[in-house]
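>>> structure, please.
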Amino acid sequence: MPHQKPKHYPHHLDLQPVMHVEGTVRLPGSKSISNRTLLLAALAGGTTTIRGLLASDDTLVMLGALRSLGVKWDQLDEHTHLVHGVDGVLPVHAADLFMGNAGTAIRPLTAALAVIGGDYTLHGVSRMHERPIGDLVDALNAIGAQIEYTGEPGFPPLRIRRGHIHAERMSVRGNVSSQFLTAVLMAAPLMAKTHPVSIDVVGELISKPYIEITLNLMRRFGVRVEQDGWTSFTVQPGQHYASPGEIYVEGDASSASYFLAAGAIAGGPVRVEGVGRDSIQGDVRFAEALEQMGATITRGDNWIEARSNGVLKAIDADFNHIPDAAMTIAVAALYADGTSTLRNIASWRVKETDRLSAMATELRKLGALVEEGPDFIRITPPEIIAAATIDTYDDHRMAMCFSLASLDGRALRGNQMRINDPKCVAKTFPEYFEAFASIAREELF
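Got it, this is the predicted structure:
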């Protein structure tokens, strides 16, 4: 396994009230880009140097799986890896793969392994076995893959055997997770040897910006996808993944949201480096939501900066395009001048935890009035944010979001905000709390 410095996390972390934030944060690499890039580099012909790779639990899962499949890679430093591509032919035809709770690893790997063929089992932590994968399995089995459930139907763990893929046209549902479409898109060039492969999307496609990341990275590795809006995608035959030689991973735009929100809530300016106005990640549009709430946002080529412009305005908006970053808006709503409504976020329910339920529960601890719907959440802030002990549900984004509730020292009246199980941030941002402390004018912990 790759080298990663062991890090100690306490059972809980007590965040002191913070009156003002200011500073610059260098973002870790994007999880979405990191795991897609690792798989594409592995499937490509040639050797790829990946710079800025995220060092986290989810990327360790992908690196470990690739090694188990016979893909050779070398770690040059903490964030630079050399991946020796296998040109679509995996050296190992039978493997047992542990996927942790990494949706960005298990879903694309399932599609690639089903198309390449072999005898593989994929399993993860207990929450992974509650996260749906049936729409992807149905799409693949319908074109001749041989994937079985070894536990609950519709969910991992999975057994993949060699099938007989015959895909000229296939369908995949797009309204539960965009990762299912990402998975079949990334596997499509492996199917389109002699004829085009078209993928039709059934239902409304959610999280479209994540598909844009997939298409952008496929282009970087030499494969172009023809698009008919968001309903159909076609890969022409004869395209092969080829190493771009060197590729840089952008900073994580979802992680940027916490620091930008902090600047919008508690003074600023706070600048994040690693993403900018030309980012390929849709979550940079989180900054537009902060602008709607009245914050002042400035953008550069490789940075975004937020500062407060008085009390935040309540927001009522559709967040289907940025569901992960939208969680940060839910906590920022505690500092708004009225009731905020976040709409079209049903996908929260099938993430690392049921985020709609978890967010409602924890916001109520802080004194907010919360209405939780099947696909929306409505938040009325309290007059005074109550100090509370926040449960994190083994969900990295819950821990990072609720750190923001420590940002109004007057509201907290000197009380601490306790975050249980802070180690869950290791999934995507192991150094999160240190980075958060670096922008706090008062000592954080």
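
>>> all contacts plus neighbour counts: C-alpha atoms, from now on.
Fine.

>>> low pLDDT regions in this structure?
Within the chain, the ranges that satisfy pLDDT under 70 run 1-6, 409-414, 442-445.

>>> how about the contacts made by residue 369?
363, 379-382 (CA atoms under 8 Å, 6 or more residues apart in numbering).

>>> how far away is it from residue 424?
From residue 369 over to residue 424 the distance is 27 Å, taken as CA to CA, to the nearest Å.

>>> what of residue 161?
Distance of residue 161 to residue 424, computed by CA to CA: 33 Å.

>>> what do you get for residue 44?
With CA to CA as the criterion, residue 44 and residue 424 are 32 Å apart.

>>> out of these two, which sits in the busier spot?
Taking other CA atoms under 10 Å, residue 44 and residue 424 do not tie; residue 44 has more neighbours (24 against 21).

>>> isn't that one right up against residue 89?
No - between residue 44 and residue 89 there is no contact under CA atoms under 8 Å: 9.4 Å.

>>> go through the contacts of residue 369 and say which is closest to residue 346.
Residue 346 has its nearest neighbour among those in residue 379, at 16.2 Å by CA to CA.

>>> now that closest one. Nearest residue, chain neighbours left out?
Of all residues not flanking residue 379 in the chain, residue 370 sits nearest, at 4.7 Å (CA to CA, 6 or more residues apart in numbering).

>>> go on, residue 396?
On the basis of CA to CA, 6+ apart, the spatially nearest residue to residue 396 that is not a chain neighbour turns out to be residue 425, at 4.3 Å.

>>> now the phi/psi pair for the one you found, please.
The phi/psi pair for residue 425 (degrees, to the nearest 10) reads phi -70, psi -20.

>>> show me where the stretch 1-150 of the chain has its strands.
Ranges of strands in the stretch 1-150 of the chain, per DSSP state E, counting those that start in this stretch, are 12-15, 21-26, 47-51, 72-77, 80-84, 94-98, 119-123, 146-149.

>>> on that earlier part again, what sits in contact with each of residue 44 and residue 89?
Taking CA under 8 Å, 6+ apart as the contact criterion, residue 44 and residue 89 have no common neighbours.

>>> tally of neighbours for residue 232?
Residue 232: 16 surrounding residues under other CA under 10 Å.

>>> can you pull the contacts of it?
Taking CA under 8 Å, 6+ apart, we find residue 232 in contact with 198-201.

>>> let's go with 6 Å and repeat that
By CA atoms under 6 Å, 6 or more residues apart in numbering, residue 232 lies in contact with 199-201.

>>> before we move on, what about residue 221?
Shown in contact with residue 221 (CA under 6 Å, 6+ apart): 241-244.

>>> with residue 133 instead?
154-155.

>>> check residue 235 too.
Applying CA under 6 Å, 6+ apart, one finds that residue 235 lies in contact with 196-197, 225.

>>> and it, how far is that from residue 206?
In this view, residue 235 and residue 206 are 21 Å apart by CA to CA.

>>> which residues does the closest residue to residue 315 other than its chain neighbours bridge with?
The shortest distance from residue 315 to any non-neighbouring residue, by CA to CA, 6+ apart, is to residue 340 (4.8 Å). Assessed by DSSP bridges, residue 340 has beta-bridge partners residue 379.

>>> the residue nearest to residue 396: neighbour count?
Using other CA under 10 Å, residue 425 has 23 neighbouring residues.

>>> which parts of the stretch 251-400 of the chain are strands?
Remark: strands assigned in the stretch 251-400 of the chain by DSSP E, counting those that start in this stretch are 267-273, 296-299, 303-307, 316-318, 340-343, 369-372, 376-380, 389-390.

>>> three-state assignment of residue 172?
Residue 172 falls in the strand class when you classify it by DSSP: H, G, I helix; E, B strand; the rest coil.

>>> wait, what's in contact with residue 69?
Residue 69 makes contact with residue 92 under the criterion CA under 6 Å, 6+ apart.

>>> list phi and psi for it.
Backbone dihedrals for residue 69, given as degrees, to the nearest 10, come out at phi -90, psi 0.

>>> now it: how far from residue 370?
Separation of residue 69 from residue 370 (CA to CA): 46 Å.

>>> thinking again about what came up before, now tabulate the strands of the stretch 251-400 of the chain in CSV and tack on distance to residue 438.
Formatted as CSV, those follow (distance: least, CA to CA, whole Å):
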stretch, distance to residue 438
strand 267-273, 11
strand 296-299, 20
strand 303-307, 16
strand 316-318, 31
strand 340-343, 29
strand 369-372, 31
strand 376-380, 29
strand 389-390, 22
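
>>> among the ones you listed, which comes closest to residue 440?
Among the strands of the stretch 251-400 of the chain, strand 267-273 comes nearest to residue 440, with 9.8 Å by CA to CA.

>>> partners of the closest one in the sheet?
strand 21-26 (parallel), strand 303-307 (antiparallel).

>>> what sits up against the shortest one?
The contact list for strand 303-307 (CA under 6 Å, 6+ apart) reads 260, 263-264, 267-273, 275-276, 296-298.

>>> any chance of a ChimeraX selection covering the buried ones in these?
Buried subset of the contacts of strand 303-307, written as a ChimeraX selection, criterion 16 or more other CA atoms under 10 Å:
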select :260,263,264,267,268,269,270,271,272,273,275,276,296,297,298
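
>>> looking at the contacts of strand 303-307, which is nearest residue 40?
Using CA to CA, the contacts of strand 303-307 come closest to residue 40 at residue 275, 21.7 Å.

>>> contacting residues for that closest one?
Residue 275 neighbours (CA under 6 Å, 6+ apart): 251, 302-303.

>>> just curious, which of those is nearest to residue 281?
Looking at the contacts of residue 275 and their distance to residue 281, the nearest is residue 251, at 9.4 Å (CA to CA).

>>> is that closest one bridged to anything, and to what?
With DSSP bridges as the rule, residue 251 is bridged to residue 29.

>>> and the gap between the closest residue to residue 157 other than its chain neighbours and residue 145?
Of all residues not flanking residue 157 in the chain, residue 123 sits nearest, at 4.4 Å (CA to CA, 6+ apart). With distances taken as CA to CA, residue 123 is found 18 Å from residue 145.

>>> isn't residue 416 up against residue 18?
No - contact criterion CA atoms under 6 Å: residue 416 and residue 18 do not qualify, at 9.9 Å.
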